[in-house]
Each structure stands twice: as structure tokens, then as C-alpha cells.
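Asker: The sequence and its predicted three-dimensional model are supplied below.
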Amino acid sequence: MDHTQPLLIQKILQQPRSPWANLLEKMNYLNSLTQSVQAFLPKPLNEHCKVAEFTNQTVTLSTDASVWLARLRFLESSLSSHFQKQTGIAPLKVQIRLHRVIEHPQNQAVEKQQISAIGRNHLACAAQSIEDPTLKEILLRLSILDKTQNKKLGDA
């Protein structure tokens, strides 16, 4: 069996005209819009709002509870003005969607997955190609887990 070294994630994401580069660019743009809207909104509302989509002349916001949905709808016209200033696109429509986070019940056991040796190797290679120190550390920690450590983490 031929085990070739995986490509560095950074190289894949930075290839010109690749769908991955386009996806990364869109993700970064949505993150910058999310940061902008979170700075604009009052606390604690800002912690429950993200920009989910930006297409043509529509910004779609996502929130995790109906109470935040109602407050965001109340601020819809000021949000539209804010995004028009940020993007330079006018008129701009703001849509607000409820996106509930599904949590596992505390008393229900969740099946723990094991990381194979090949998977740990890929995680270690990926970690070496990442510049973000937090993400790099997480990937390295995952890459050194063995079955006994996975069981200990699952029992916690």
C-alpha cells in the first residue's frame, strides 16, 4: 500500500482558482461581517448573532433562540443601514433565521470515536502546516492520543 505524504492544508487552500480558496475567502468575509455586526449590536445580543450568508443584496443573520430573533427583527432597519455602510451595497435586505443548537442530553451516553494511527499521522502533518498557534496545539494534542487516552477522555 502506497502511503504518500498528505498535501499541506495551507497549500491546498491557497491554490489560485480552487474551490477551497474560494470557500476560505468566503468564510473569512463572513467572519469579518460577523465581527462587524457583533461590534455594532449591544451585549448580550451580539453573542447570539452570526452572519450566515451574504448573497446579491441580502444578508442572512443566524441566531440561536427566539428571544434573540425578536430583538434582531426589531433592529432590522438599523442593521440594514450598518451593512450598507460596511459593504457599499444599497438597498440591502436583512434576513434573520433561527438556528437552534442541538445538544446531547446529559444522561445519554455519546459513542466515543477512536482515532486511527493513520488519522493521527494526518493530524500531525496538518498541525505542521498551520500558522494559528491555538489550532496547531489542538491538532498536535489530537495526534498523540492513543486508545487508552481516548477512553479516559470519553469517561470524563
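Answerer: Thanks, I have the structure now.
Asker: Do you have the strands of the chain handy? List them.
Answerer: 49-55, 58-63, 93-98 (DSSP state E).
Asker: okay if I get those as a markdown table plus distance to His122, mean pLDDT and mean neighbour count?
Answerer: (Each C-beta comes from the backbone N, C-alpha and C, glycine too.) Formatted as a markdown table, the strands of the chain follow (distance: least, CB to CB, whole Å; pLDDT from 0 to 100; neighbours: other CB atoms under 10 Å):
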| stretch | distance to His122 | mean pLDDT | mean neighbour count |
| --- | --- | --- | --- |
| strand 49-55 | 29 | 91 | 17 |
| strand 58-63 | 31 | 92 | 20 |
| strand 93-98 | 35 | 90 | 15 |
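Asker: For the chain, which element, helix or strand, carries the lowest mean pLDDT?
Answerer: helix 147-155 (a mean of 49; mean pLDDT, DSSP states H and E).
Asker: The strands of the chain into JSON lines, with extra columns for distance to Leu72?
Answerer: Putting these into JSON lines (distance: least, CB to CB, whole Å) gives the following:
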{"stretch": "strand 49-55", "distance to Leu72": "6"}
{"stretch": "strand 58-63", "distance to Leu72": "6"}
{"stretch": "strand 93-98", "distance to Leu72": "5"}
